[in-house]
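**Student:** Give me a 3D structure for the following:
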Amino acid sequence: MPAPNAQSTADGPTAAVDSFAALLTDEGRRLLEELRDHDPARELAVATRLRRDHPAELVSAALGQARLRQRAAAKFGTEDAYRMYFTPNGVEQATRASVATHRARRFADLGVRRLADLCCGIGGDAIALARAGVSVLAVDRDPLTCAVAEANAAALGLSDLIEVRRADVTEVDTSGYDAVFVDPARRSGRGRIFDPEAYSPPLSWATEAARTAPHAALKIAPGVPHEAIPEDAEAEWISDGGDVKEAVLWFGTTPGARRATLLPSGAALTGTGLPDPAVRPVGRYLYEPDGAMIRAHLVADVADALSGGLIDPTIAYITSDELRPTPYASAYEITDVLPFNLKKLKALVRERRIGVAVIKKRGSAVEPEELRKKLKLEGVNSCVIVLTRVAGAPMMLLGHPVQA
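**Tutor:** Alright, predicted model coming up:
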């Protein structure tokens, strides 16, 4: 959902909607198809050529949309991105398709058939829900955003399942729906918003809206403090390809649960309330828990499954003498555990002819890229260098990744 008082363009929402509507004409669609693989570096020459046969405003809108589609391919995949329409904020804030699909499946598995998607944006979540067989009321108050969401439903053949409504979400009657999904705006003209009560709408309002339906999910920032999570909500942190993408508060599922889900595998772990693991010396293997596990405070559960301990009470690295399979952490075989010493490290990588190094840090003030420059790596071998603390002391761990 856009910032509360945002306008679509400097000329106002109406002009922006009219400009967008021109892209939905036959001429606009032909232009977009012609620009599918255009090179942004040649945009000036392309624009000059196209303006000989098309209105300048339409060419400008098509070029802008072509750029957005190229950016959106990373989130939506090429096949969908080049059929869909976007706004700059829509590309930035839309849920990644893989995450939206996961959430839609959870809703469908809960038996949800009718859902109110409040703050729908360009319709990314509505699309995933419709594809899961859920009928969606998609609500946003920005006229351009609503026009784009409606165009996306039509472009993907989902208009029968997605109703787009321009309205203030706080005034929408959600009674009669099986579920509510709220994705509050977490950005303003000044950048990212960290205070949940400064979201638009505020988290407190979204929470009350969620409690009006049998099931609900609220999309929030993954850095949300655990103490801000309502007691009657399940909190799920989701990562995709190792990057933490979002947190979701679920209502009508398991109150108080803390869960982490890793995509694309779908591996999920729910916490059992274990105490912090014991600290022990670095063993043969080092495990780096996925970021979703760390955000969900499930490091203890991962360590328990690995019969491992922590290398430091404040660092989320797990160590063990055994190599055990786990989808929840990356494993490294450690060959060297040394106090941090730049001179010693330079000598080691030179002696071992290390030309490629993955440098990781956790609890270290050393910047990996600055260290990389100083190491002047040359050679045919590779390694992983972990800069961290072990029992409070700055250390460097050398090793290589292993498949458990």
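
**Student:** So what would you say the end-to-end distance of stretch 236-250 is?
**Tutor:** From its first residue to its last, stretch 236-250 covers 8 Å (CA to CA, to the nearest Å).

**Student:** List the buried residues for that stretch?
**Tutor:** Buried residues in stretch 236-250, counted by 16 or more other CB atoms under 10 Å: 236-240, 244-250. Every residue, glycine included, has its C-beta placed from N, CA and C.

**Student:** Likewise for stretch 293-312?
**Tutor:** Result for stretch 293-312 [16+ other CB under 10 Å]: buried residues 293-303, 305-306, 308-312.

**Student:** And the residue nearest to S265 when sequence neighbours are not counted, how far from G157?
**Tutor:** Ranked by CB to CB, 6 or more residues apart in numbering and with sequence neighbours excluded, the top spatial neighbour of S265 is P327, at 5.7 Å. According to CB to CB, to the nearest Å, P327 stands 35 Å off from G157.

**Student:** Mind giving me the packing neighbours of the longest helix along the chain?
**Tutor:** What stands out as the longest helix in the chain, according to DSSP state H, is helix 56-76. Applying 3 or more CB pairs under 8 Å, 6 or more residues apart in numbering; DSSP states H and E, one finds that helix 56-76 contacts helix 13-23, helix 26-34, helix 43-50, helix 78-81, helix 88-93.

**Student:** In strands, which of the buried residues of stretch 236-250 appear?
**Tutor:** 236-240, 244-250 (DSSP state E).

**Student:** so where's the stretch 101-250 of the chain uncertain?
**Tutor:** 186-191, 193-194, 198 (pLDDT under 70).

**Student:** Recalculate using a threshold of 90.
**Tutor:** By pLDDT under 90, the weakly predicted segments of the stretch 101-250 of the chain are 184-205, 221, 224, 228.

**Student:** Redo the helices and strands packed on helix 56-76 as a markdown table? Include mean neighbour count, distance to R389 and mean pLDDT.
**Tutor:** As requested, these are arranged in a markdown table below (neighbours: other CB atoms under 10 Å; distance: least, CB to CB, whole Å; pLDDT from 0 to 100):
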| stretch | mean neighbour count | distance to R389 | mean pLDDT |
| --- | --- | --- | --- |
| helix 13-23 | 17 | 52 | 88 |
| helix 26-34 | 15 | 53 | 94 |
| helix 43-50 | 14 | 49 | 89 |
| helix 78-81 | 15 | 43 | 96 |
| helix 88-93 | 18 | 35 | 90 |
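
**Student:** For D336, find the nearest of those helices.
**Tutor:** Closest to D336 of the helices and strands packed on helix 56-76, according to CB to CB: helix 88-93, at 42.1 Å.

**Student:** Which SSE is immediately downstream of that closest one?
**Tutor:** Note on helix 88-93: by DSSP states H and E, the next helix or strand toward the C-terminus is helix 97-109.

**Student:** what sits up against that following helix?
**Tutor:** Residues external to helix 97-109 that are found in contact with it (CB atoms under 8 Å, 6 or more residues apart in numbering): 75-77, 80, 95, 115, 124-125, 127-129, 131-134, 179, 181, 215, 217, 238, 240, 245-246, 248, 250, 261, 263-264, 266.

**Student:** ok, then the element right after it?
**Tutor:** strand 114-118.

**Student:** Pull that following strand out as CSV, backbone CA atoms only.
**Tutor:** Extracted in CSV, the C-alpha atoms of strand 114-118 (Å, rounded to 0.1, in the frame of the first residue of the first chain):
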residue,chain,number,x,y,z
ARG,A,114,-12.8,-16.3,0.3
LEU,A,115,-10.2,-13.8,1.4
ALA,A,116,-9.9,-10.1,1.8
ASP,A,117,-6.5,-8.8,0.7
LEU,A,118,-6.1,-5.4,2.3
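
**Student:** For it, buried residues please.
**Tutor:** 115-118.

**Student:** do the same with stretch 330-346
**Tutor:** Buried-residue list, stretch 330-346, by 16+ other CB under 10 Å: 330-332, 334, 336-337, 340, 345.

**Student:** Then stretch 50-61?
**Tutor:** Neighbour-count burial for stretch 50-61 flags 50, 54, 58-59, 61 (criterion: 16+ other CB under 10 Å).

**Student:** Let me know the distance separating A66 from V248.
**Tutor:** Where V248 is concerned, A66 sits at a distance of 32 Å (CB to CB).

**Student:** Please disregard the earlier target; I meant G133.
**Tutor:** G133 is 20 Å from V248, by CB to CB.

**Student:** swap in G176?
**Tutor:** With distances taken as CB to CB, G176 is found 23 Å from V248.

**Student:** Not counting its neighbours along the chain, what's nearest R165?
**Tutor:** R165 sits nearest to V139 (CB to CB, 6+ apart), 5.1 Å away.

**Student:** which other residues reach the host helix or strand of that neighbour?
**Tutor:** Here V139 sits within strand 135-140, counting by DSSP H and E. The contact list for strand 135-140, computed with CB under 8 Å, 6+ apart, reads 1-2, 113-121, 123, 126, 129-130, 146, 149, 153, 161-167, 169, 172, 177.

**Student:** now stretch 366-379
**Tutor:** Residues contacting stretch 366-379 (CB under 8 Å, 6+ apart): 340, 342, 345-346, 349-350, 352-357, 359-361, 385, 387.

**Student:** Among those residues, which lie within helices?
**Tutor:** 342, 345-346, 349-350.

**Student:** still on that earlier bit, give me the subset of the buried residues of stretch 293-312 lying in helices.
**Tutor:** 293-295, 299-303, 305-306.

**Student:** any chance of the helices and strands packed on helix 56-76 in CSV, with distance to S200 too?
**Tutor:** Below are these laid out as CSV (distance: least, CB to CB, whole Å):
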stretch, distance to S200
helix 13-23, 17
helix 26-34, 31
helix 43-50, 33
helix 78-81, 26
helix 88-93, 12
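
**Student:** Quick one: closest of those to P255.
**Tutor:** Evaluated over those, closeness to P255 peaks at helix 88-93, with 28.4 Å, by CB to CB.
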